[in-house]
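[1] From the sequence below, what's the structure:
(2 chains)
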Amino acid sequence: MMEYAIAGVEAALAAGARYADARVMHQRSESMSAQNGDIQRLHQDDQAGVGVRALVGSSWGFFATSELTAAAAGRAGAVATETAKASARVPGPELVLAPVEAVTAHWESACREDPLSVPLSEKAELLVSVTRLAREAGAQLSQSYYQIWDTDKWFASSQGHRISQRIRECGAELTATAVGDGETQRRSYPGIRGQYGTSGWELVRLLDLPGNAPRVGEEAVALLSAPPCPEGVTDLVLGSEQVSLQIHESVGHATELDRILGWEAAFAGTSWLDLSQLGSLRFGSELMNITADATIPGALGSFGFDDEGTPAQCVDIVRDGIWVGVLSGRDSAALAGVPAGGMVRADGYNRLPMVRMTNVGLRAGPHSLEQMIAETGEGVYMDTNRSWSIDDRRLNFQFGCEIAWEIKDGKLGRMLRNPTYTGISPRFWGSMDMVGGESELVAWATPNCGKGQPMQVGHTGHPAVPCRFRGVRVGVRG
Amino acid sequence: MTGTGPEAPADPDLSVLADRLLELVAPGVEAAVTVSDERHGLTRFANSFIHQHVGEQQLSVGLQVASGGRTASATTTDASQDGLARLVTGALRAAALRPPDPDWPGLAPPEAPLANPEGHADRATALAGPAERAEVVASFVAAGDGLAAAGYCETRATRSLLANSRGQRIFSSATRATIDGIHRAGQADGCGLGMSSRLGDLDGERAGRTAAETARASTETIELPPGHYEVVLEPRPVAYLLDFFAVYGFNAKAVEEGQSFVSVGEVQFDPALSIWDDATDGRHVGLAFDAEGTPKRRVELVRAGRSVGVTHDRRTAARAGGTAISTGHAIPGGASRGPLATNLFLSGATTVPVESLIRHVERGLLVKDFWYTRVLDPRTLVVTGLTRNGVFLIDHGAIGPAVSNLRFTQSPAAAFAPGHVLGVGDDATLAPGGLHQAWHHVPSLHLAAWNFTGNASG
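    You can find the predicted model right below:
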């Protein structure tokens, strides 16, 4: 397949591009869903094609075709260059690329049990049984779902990159919904977005969906009669799954360099961060240490090379509470004067690669969840994300969780329903005074991060631990 | 560049491909084949220049099989004879290994489209290249007269054919062109858009001027305390909300599961409002049939405030029984998500110019757009989100100063309830839904109250 990528690059250069690269991708995916003990949908997809990216002046031109021949790839390369040239009607400053060494390499994610080879009957039985278990526990509606992606990529650039990769990803999820008179309550396991990784089916086995199905069913029912989370300002302890969402929305997206530079202004939005403050701005408390690490084995945002041929790396984003790094690609890095971060990916052969979170996560701290609760006189412990909303500069957020418990005098009290909290990003992170330890670290995943036009669905990872935040507004409701 | 260049090789013969695939399926197996050919181009601009300029041509083939009540679906981009054979083998093997599907409703019966299947197709738009889109962008940017512009111009052409072993064979083609962008004056943004099945209908200059006027009027903002405010929502935020009604409200699966507020037969909306879905209306865009091959038909959802219908696919219609039929709203993967309205209209019994709506507001807010809105509870349809691209104080019937963005936590179902709609504008237009599901044809609305729960300070 590499020859098709090379054909695309050569045709783009021949048409006048000053730089070009191409990706051939072959992606096989499978998903199955069940509801209340019956399989709802089984779908398999096989997509292949080549996408060529050409740089002319201030603009990328990109063209993709599902026809996999050298002639079609060459035609795509020529059209990519012609498309970039058409951008000169509305021109800007010439785009340059941060330097990256051209390499010839192959990389594969670790996979002990090929997920596509696990018998469909076994996978179906898993979903059927866990949805039955959750329903038997009282939830009117129980759903379970798995997704598998097996992707081969061949990347070539006019600089000389020749890189192939095979990345296998999978994961699963379970939700139980109790329907009350006026509202619904839901519990999810392991989290609202399940749990996914660059891993084989062994990840799904480790989740132990059957062992957790009765509990989520019972908790969904119990939530219907739980008192609502009271309104007020209090201390807030978050479970690691909710912390991962907080990182994704208020740190990950805020530090994407394409947003900071205004390239996403009309759709995904911009960022409250100003590059002139990189290295000096206080983003959070001294306990806040965030990295973007694409090298974590098994995490969903891991790979060998990004879709520009930059090697996976670990980049400090926030160190001791100070903003020190960004998520970047070769073009945005050159403009900002930082090294290329290796954080550019596309969700298919037919999409232009763009800045994407890798595994943006919080480093473990010196505390534990048990200690946080024991040392909180009055507060709320919330877990498992339910709703998420943040403004287009990534400052003003309101998040909801599926479940909460009140904390009184260092002990967990009543279960609370409809918990929400709201805040302003740097103020909120500045109030973090306890961070869970290494043993509590979970590399959570977001398999459905939407960004870009045309919309792309990104796979990102978010290592997180439980944390405590002081003086947070909770219990906002409509 | 136009379709005479390398971007536009000859159109594949969808009918031949569909027949080849159906022939590969064993006798006695129910099968539905969908073959689609799509040409898509998108010209993206930011900081007032084009920075990302993309195009693609993709042929995709989908197969749904049912054998002995066991079902599976598969898709591929490989239309070679070997690729089609692998698709059939894989789908049949997958179906054989899964448990029976108790809700399998069978394939769509033969039925012709209810409107011209190519009524939303425009050849010039299908053949449009990057240069034509760049012209629209140039007009949008120039209209800002020095403001920073960002957004996109898109053209899309889709030809799709569905054929099944029950004898249904239905073809449709459609095109779509969009200009949607913002102008920025410092931190103040304003938006402007246009959408049609014809690229030639787009007026980049007009959309850019609208965006620039709002941005310039928003450079100085005041901050208002949270609270309930009377509002005039322009068409864009109204269309934004309709996606939530489509997904969580009028979706028959959500109703059946008790997760929707909709109760057919009850007066749940203000009598001023009627809502219906109609892909066959010339004011909308899109294909003439749904993912199951059922022709899309007009379905009335709210008549003068009373909920009168829901959208069905074949599964939900079969489960509902009685006189329920598919309304042509199946989506890919719909067994899990349910049938969705993708061509909504909202109208009022009487409509007035938007200036008149504003004149009747003693103290309230004019809202241009919403952003990042998500559901807290699907049953009550309480959502939280933010304003974006312009909010203005209305004081004694006149538009006053710009207001910094506000967060809201509000059920749109409650906001549209009887007695809560104080006026309907005569400015209905197509605008995008907030869950990226569809565009809807809606006017401005004057609502008695909207619950803002936060402001820029927190």
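
[2] So what sits opposite the closest residue to A:W263 other than its chain neighbours in the bridge?
    What sits nearest to A:W263 in space, not counting adjacent residues and going by CB to CB, 6 or more residues apart in numbering or on different chains, is B:A46, at 4.6 Å. Where you see a C-beta, it was placed from the backbone N, CA and C, and this is true even at glycine. Beta-bridge partners for B:A46, by DSSP bridges, are B:F49.

[3] In this structure B:A46 contacts A:E264, no?
    Yes: at 7.3 Å, B:A46 counts as touching A:E264 under the criterion of CB atoms under 8 Å.

[4] Would you agree B:A324 is in contact with B:T311?
    No: if you go by CB under 8 Å, B:A324 and B:T311 don't touch, sitting 10.9 Å apart.

[5] Spit out the residues that contact the two alike.
    Shared contacts of B:A324 and B:T311 (CB atoms under 8 Å, 6 or more residues apart in numbering or on different chains): B:A252.

[6] quick one: which of the two has more around it?
    More crowded of B:A324 and B:T311, by other CB atoms under 10 Å in any protein chain shown: B:T311, with 29 against 15.

[7] residues from the stretch 101-250 of chain B in reach of chain A?
    Applying CB under 8 Å from any CB of the partner chain, one finds that the stretch 101-250 of chain B approaches chain A through B:101-103, B:129-131, B:133-135, B:137-138, B:141, B:148, B:150-152, B:154, B:180-182, B:184, B:189, B:191.

[8] which among those residues end up buried?
    By neighbour count, with 16 or more other CB atoms under 10 Å in any protein chain shown, these hold B:101, B:103, B:129-131, B:133-135, B:137-138, B:141, B:148, B:150-152, B:154, B:180-182, B:184, B:189, B:191 as buried.

[9] Look up how far chain A lies from B:R297.
    Applying CB to the nearest CB, to the nearest Å, the value for B:R297 to chain A is 24 Å.

[10] That residue: which element?
    Per DSSP states H and E, B:R297 falls between elements, in no helix or strand.

[11] Do you have the helices of chain A handy? List them.
    Here chain A has its helices, by DSSP state H, at A:2-14, A:70-86, A:120-136, A:202-207, A:209-224, A:240-247, A:257-260, A:330-336, A:369-374, A:425-430.

[12] any chance of those in TSV, with mean pLDDT too?
    Listed next are the helices of chain A as TSV, based on pLDDT from 0 to 100:
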stretch	mean pLDDT
helix A:2-14	98
helix A:70-86	98
helix A:120-136	97
helix A:202-207	98
helix A:209-224	98
helix A:240-247	98
helix A:257-260	98
helix A:330-336	98
helix A:369-374	98
helix A:425-430	98
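
[13] who wins for proximity to B:A121 among those helices?
    helix A:70-86 (22.5 Å; CB to CB).

[14] Helix A:2-14 and that closest one, what's the angle between them?
    Here the directions of helix A:70-86 and helix A:2-14 differ by 30 degrees (axes from the mean of the first three to the mean of the last three CA atoms, to 10 degrees).

[15] Among the residues of the stretch 101-250 of chain B next to chain A, which lie within strands?
    Under the assignment DSSP state E, these contribute B:148, B:150-152, B:154, B:180-182, B:184, B:189, B:191 to strands.

[16] what's the closest non-adjacent residue to A:D21?
    Nearest non-adjacent residue to A:D21, counting by CB to CB, 6+ apart: A:S157, 3.9 Å away.

[17] just A:V216 next, same as before
    Using CB to CB, 6+ apart and skipping residues adjacent in sequence, the residue nearest A:V216 is A:R187, 4.0 Å away.

[18] Look at the one you found and report its pLDDT.
    A:R187 is assigned a pLDDT of 98 by the prediction.

[19] got it, and B:N455?
    At B:N455, the pLDDT value in this model is 84.

[20] Surely it touches B:T387?
    No: B:N455 is not in contact with B:T387 according to CB under 8 Å; the separation is 9.9 Å.

[21] For A:Q242, which residues are in contact?
    With CB under 8 Å, 6+ apart, A:Q242 has these contacts: A:382-385, A:399, A:401.

[22] re earlier: distance of the residue nearest to A:V216 from A:A213?
    10 Å (CB to CB, to the nearest Å).

[23] Those two: who's more crowded?
    Comparing A:R187 with A:A213 by other CB under 10 Å, the one with more neighbours is A:R187, at 29 against 25.

[24] okay but the more buried one is in contact with A:Q143, surely?
    No: if you go by CB under 8 Å, A:R187 and A:Q143 don't touch, sitting 11.6 Å apart.

[25] how about the strands in the stretch 101-250 of chain B?
    Here the stretch 101-250 of chain B has its strands, by DSSP state E, counting those that start in this stretch, at B:148-164, B:169-185, B:188-196, B:221-222, B:227-233.

[26] and the shortest one, which strands flank it?
    Applying DSSP bridges, strand B:221-222 is found paired with strand B:398-403 (parallel).

[27] anything in contact with each of B:N455 and B:T387?
    Residues touching both B:N455 and B:T387 (CB under 8 Å, 6+ apart) are B:405-406.

[28] Comparing those two, which shows the higher neighbour count?
    Each of B:N455 and B:T387 has its neighbours counted (other CB under 10 Å); B:T387 has more, 25 against 18.

[29] list the contacts for the more buried one?
    Contacts of B:T387 by CB under 8 Å, 6+ apart are B:367-371, B:405-406, B:408.

[30] Next: A:V130.
    A:34, A:142, A:144, A:174, A:209-210, A:213.

[31] just A:G252 next, same as before
    Contacts of A:G252 by CB under 8 Å, 6+ apart are A:292, A:327, A:357, A:360, A:460, A:462.

[32] and B:E355, how many neighbours?
    Residues near B:E355, counting by other CB under 10 Å, number 11.

[33] same thing with B:E220?
    Neighbours around B:E220, by other CB under 10 Å: 9.

[34] Check the one 3 residues further on too.
    As a burial measure, the neighbour count of B:E223 was computed by other CB under 10 Å and equals 11.

[35] ditto for A:P119
    9.

[36] Just want the residue of chain A that's nearest chain B.
    Using CB to the nearest CB, A:G92 is the residue of chain A that sits closest to chain B, at 2.9 Å.

[37] Leaving out chain neighbours, which residue sits closest to that residue?
    Nearest to A:G92 is B:F49, by CB to CB, 6+ apart, at 2.9 Å.

[38] The one you found and B:G151, how far apart?
    12 Å.

[39] where in the stretch 1-150 of chain B is pLDDT low?
    For the stretch 1-150 of chain B, the stretches flagged by pLDDT under 70 are B:1-11.

[40] redo that, cut-off 80
    B:1-12 (pLDDT under 80).

[41] overlap in contacts of A:R187 and A:Q143?
    Each of A:T175 lies in contact with both A:R187 and A:Q143 under the rule CB under 8 Å, 6+ apart.

[42] hey, where'd the strands end up in the stretch 351-478 of chain A?
    Using DSSP E, counting those that start in this stretch, strands in the stretch 351-478 of chain A cover A:354-355, A:360-362, A:378-390, A:396-408, A:411-416, A:420-424, A:432-435, A:442-451, A:456-464, A:467-474.

[43] and the stretch 351-478 of chain A, which residues reach chain B?
    Contact residues (CB under 8 Å from any CB) of the stretch 351-478 of chain A with chain B: A:351-352, A:386-392, A:396, A:398, A:400, A:418, A:420, A:422-424, A:427, A:450, A:453-455, A:473, A:476-478.

[44] do that again at 7 Å, thanks
    Residues of the stretch 351-478 of chain A lying near chain B by CB under 7 Å from any CB of the partner chain: A:352, A:387-392, A:396, A:398, A:400, A:422-424, A:453-455, A:476-478.

[45] Number of residues surrounding A:Q40?
    Counted with other CB under 10 Å, A:Q40 comes out at 23.

[46] pLDDT at it, what is it?
    pLDDT recorded at A:Q40 is 91.

[47] right, and it touches A:S31 too?
    No: between A:Q40 and A:S31 there is no contact under CB atoms under 7 Å: 10.5 Å.

[48] How about the residues of the stretch 151-300 of chain A by chain B?
    A:179, A:182-184, A:262-263, A:265-266.
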